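A.B. asks: Please find the sequence and the predicted model below.
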Protein chains: 2
Amino acid sequence: MDSLNLYNQIANQLKQNILEDLYPTGKLPNERILSEEFNVSRSTMKKAIDSLVEDGLLLRKARSGTFVNLLFKKNYTDYSHQKRGPIGLTKSFSEQGKKITSRILVFEVVLPPEEVRKGLLLSSDDFTYHFKRVRYIDQVAVSIETNYIPIQLFPKLNKEIAKDSIYDYAIKEMNILLTNSYVSIFSLPSNEEDQKELNLTPYEPVTVSEEIVFTETGIPFEYTIVRNHYQKFTYNTSVSANK
Amino acid sequence: MDSLNLYNQIANQLKQNILEDLYPTGKLPNERILSEEFNVSRSTMKKAIDSLVEDGLLLRKARSGTFVNLLFKKNYTDYSHQKRGPIGLTKSFSEQGKKITSRILVFEVVLPPEEVRKGLLLSSDDFTYHFKRVRYIDQVAVSIETNYIPIQLFPKLNKEIAKDSIYDYAIKEMNILLTNSYVSIFSLPSNEEDQKELNLTPYEPVTVSEEIVFTETGIPFEYTIVRNHYQKFTYNTSVSANK
DNA sequence: CAGTGGTCTAGACCACACC
DNA sequence: GTGTGGTCTAGACCACTGT
């Protein structure tokens, strides 16, 4: 994929400079000088720097300067780009050698509930698949997953596919890349279904994750509500404030 | 507390509009119109929208429009968290004009538990402050927060400081910037203390967030365990797999 | 073809860090 | 006082969407 944005090109060049130790003191020239050197406006230069700051390569100190993050440079070789994507069970766990299975509770084509319809940016006459599955990792029930997927996007979906990984199927068979999502995570007391399927007592909660997944082109692909066994789901992330 | 950036002000106003359902179709006016309505340049408007997109509140579709993320709106509580940096209560909520107060349950200097010690990269004879506070937003109890902070890093910490925002103190008095953190989020049944302090029944859970916060130079600064009222904590984020 | 977000420019003023 | 990143403006052109 060539013909990147200008600011991405600049970012790449700047990154090369950094890795080649062109700024041995660790301090970069100021933004005005850099923008002249790269022959772009200061805004574009700033945007290029922004992206390297976000990647942990550079560090900004207001009114002081822009610096190379020495920790990054030190660890550069074994730096694993831990860019995370949508929370798909099958991929992450099968990579760990665990076996994911599903038992399907519901599989139907419906007009989705209002909130799902809006979340998927559908019109009021757009149908969706609706299915609900109990997911097992190595035979242990870990979650109840409810999905809504617009039928236009996935004309071939059936119960057999739903038993396996929808994501895998989308990627391999349909060439759809699922790269972006919005996620909300919160807790709720378990309901009777949770208790039955996930072996919970009424005192034990579920961790709910609601997620809207988008294709790389920004088309909403699915709306997923997962009620997780509270002992079998932890959400981990790292955060940096770039201010 | 002081005057925010223009784009943050605009973002807050726009957020209000969204929560007040000023855009019932879910589609916002285009950026040029919005920038006129708010009387700012399009760049500033874009930056305001950017921040709400990052928070998972809005969704952009290039060449098509900007849309409200209904997942966010549905799960929105007055106490929702967005991914903007270490999860510090005081800053994010006081910016919203809400008042954070604390009641201190424990304040002591201890050898930390094994897991905390490891998380903070301490040796077995390094002492930490240990304090536990009930946090209130506008007088409503929302969480019980337990902190461990190495005494070397914070020689002056006392009960008075702990009553307010540790982060503020670190920033203003000690010139420490807390910019990075690792977070884990999961659920647990409430214990007796949770039930008493947060007004929960035994059937209601807490949402726990564990966080290790680092200074800008990568030194572990604190280990925090927060037990949140399950109705008053939602973690929202947006995730991209690529770049 | 009109609408929209994405990108980019070439300026400007600000507050604070550092000298 | 000077240098720096932070913010903001008022334009411009582009590529693609949707009608």
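C.D. replies: Structure's in. What do you need?
A.B. asks: Spell out which residues belonging to chain A are near DNA strand C, please.
C.D. replies: Chain A has residues A:5-7, A:39-44, A:47, A:61-64 near DNA strand C, with proximity defined as CB under 7 Å from any atom of the strand. From N, CA and C alone the C-beta is placed, and that goes for glycine too.
A.B. asks: Next step: these restricted to helices.
C.D. replies: Residues of the residues of chain A next to DNA strand C located in helices (DSSP state H): A:6, A:7, A:42, A:43, A:44, A:47.
A.B. asks: Kindly present these as CSV, with separate columns for distance to residue B:208 and neighbour count.
C.D. replies: Output for these, formatted as CSV (distance: CB to CB, whole Å; neighbours: other CB atoms under 10 Å in any protein chain shown):
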residue, distance to residue B:208, neighbour count
A:6, 44, 16
A:7, 39, 19
A:42, 44, 14
A:43, 42, 12
A:44, 43, 17
A:47, 37, 17
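A.B. asks: could I get those as a markdown table with pLDDT and distance to residue B:111?
C.D. replies: Listed next are these as a markdown table, based on pLDDT from 0 to 100; distance: CB to CB, whole Å:
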| residue | pLDDT | distance to residue B:111 |
| --- | --- | --- |
| A:6 | 89 | 54 |
| A:7 | 90 | 49 |
| A:42 | 93 | 51 |
| A:43 | 93 | 51 |
| A:44 | 93 | 52 |
| A:47 | 91 | 47 |
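A.B. asks: out of those, which touch DNA strand D?
C.D. replies: A:42, A:43.
A.B. asks: farthest pair in the ones in helices among the residues of chain A next to DNA strand C?
C.D. replies: Farthest-apart pair in those is A:6 and A:42; separation 13.0 Å (CB to CB).
A.B. asks: Roughly how far does residue A:28 sit from chain B?
C.D. replies: 16 Å (CB to the nearest CB, to the nearest Å).
A.B. asks: Using the three-state scheme, assign residue A:149.
C.D. replies: Here residue A:149 is recorded as strand under DSSP: H, G, I helix; E, B strand; the rest coil.
A.B. asks: now the strands for chain A?
C.D. replies: Assigned by DSSP state E, the strands in chain A fall at A:58-61, A:65-68, A:100-110, A:128-137, A:140-150, A:178-189, A:205-215, A:220-229, A:235-240.
A.B. asks: Give me the domain ranges for chain A.
C.D. replies: A:6-74, A:89-229 (automatic domain parsing).
A.B. asks: ok, and which of those has the densest surroundings?
C.D. replies: domain A:89-229 (a mean of 18; mean count of other CB atoms under 10 Å in any protein chain shown).
A.B. asks: Now look at that one and say if it contacts chain B.
C.D. replies: Yes: part of domain A:89-229 sits near chain B under the criterion CB under 8 Å from any CB of the partner chain, namely A:115, A:118-119, A:121, A:177-189, A:202-207, A:210-212, A:214, A:216, A:218, A:223.
A.B. asks: tell me which helix or strand of chain A sits lowest on mean pLDDT?
C.D. replies: helix A:89-94 (a mean of 49; mean pLDDT, DSSP states H and E).
A.B. asks: still on that earlier bit, any idea which of the residues of chain A next to DNA strand C is closest to residue B:32?
C.D. replies: Closest approach to residue B:32 among the residues of chain A next to DNA strand C (CB to CB): residue A:43, at 18.5 Å.
A.B. asks: Next one: the closest one from chain B, what distance?
C.D. replies: 8 Å.
A.B. asks: Can you name the residues that contact the closest residue to DNA strand C within chain A?
C.D. replies: Residue nearest to DNA strand C within chain A: residue A:6 (2.4 Å; CB to the nearest atom of the strand). By CB atoms under 8 Å, 6 or more residues apart in numbering or on different chains, the contact list for residue A:6 reads A:40, A:44.
A.B. asks: switch the cut-off to 6 Å
C.D. replies: residue A:44 (CB atoms under 6 Å, 6 or more residues apart in numbering or on different chains).
A.B. asks: which residues of chain A score low on pLDDT?
C.D. replies: Chain A contains residues with pLDDT under 70 at A:1-3, A:56, A:69-98, A:155-180, A:215-218, A:236-243.
A.B. asks: one more time with 80
C.D. replies: A:1-4, A:53-57, A:59-62, A:69-100, A:118-119, A:121-126, A:152-183, A:214-220, A:234-243 (pLDDT under 80).
A.B. asks: Spatially, and excluding backbone neighbours, which residue is closest to the residue in chain A positioned nearest to DNA strand D.
C.D. replies: Nearest to DNA strand D in chain A, going by CB to the nearest atom of the strand, is residue A:30, at a distance of 3.0 Å. Nearest-residue entry for residue A:30: residue A:65, 6.8 Å, with adjacent residues in sequence omitted and distances by CB to CB, 6 or more residues apart in numbering or on different chains.
A.B. asks: Quick check: that neighbour vs residue A:225, distance?
C.D. replies: To residue A:225, residue A:65 is 47 Å away according to CB to CB, to the nearest Å.
A.B. asks: Likewise for residue A:126?
C.D. replies: 19 Å.
A.B. asks: now residue A:232
C.D. replies: On the measure of CB to CB, residue A:232 and residue A:225 end up 17 Å apart.
A.B. asks: Show the contacting residues for the residue nearest to residue A:108 when sequence neighbours are not counted.
C.D. replies: Excluding the flanking residues, the one nearest residue A:108 by CB to CB, 6+ apart is residue A:130, at 5.4 Å. By CB under 6 Å, 6+ apart, the contact list for residue A:130 reads A:108, A:110, A:148.
A.B. asks: interface residues of chain A facing DNA strand D?
C.D. replies: So chain A meets DNA strand D at A:28, A:30-33, A:42-43, A:46, A:60-66, A:217, A:243 (CB under 7 Å from any atom of the strand).
A.B. asks: Was I right to think residue A:211 contacts residue A:225?
C.D. replies: No: between residue A:211 and residue A:225 there is no contact under CB atoms under 6 Å: 7.9 Å.
A.B. asks: quick revisit: the residue nearest to residue A:108 bridge partners, please.
C.D. replies: As for beta bridges, residue A:130 partners with residue A:108, residue A:148 under DSSP bridges.
A.B. asks: still on that earlier bit, just want to check the distance between the residue of chain A closest to DNA strand D and chain B.
C.D. replies: In terms of CB to the nearest CB, residue A:30 sits 19 Å off from chain B.
A.B. asks: phi, psi of that residue?
C.D. replies: Reported as degrees, to the nearest 10, the phi and psi values for residue A:30 are phi -70, psi 170.
A.B. asks: distance between the ends of stretch A:22-36?
C.D. replies: One end of stretch A:22-36 to the other measures 17 Å (CA to CA, to the nearest Å).
A.B. asks: starting at the chain centroid, how far to that stretch?
C.D. replies: Relative to its chain's centre, stretch A:22-36 lies at 33 Å (CA atoms, centre = their mean, to the nearest Å).
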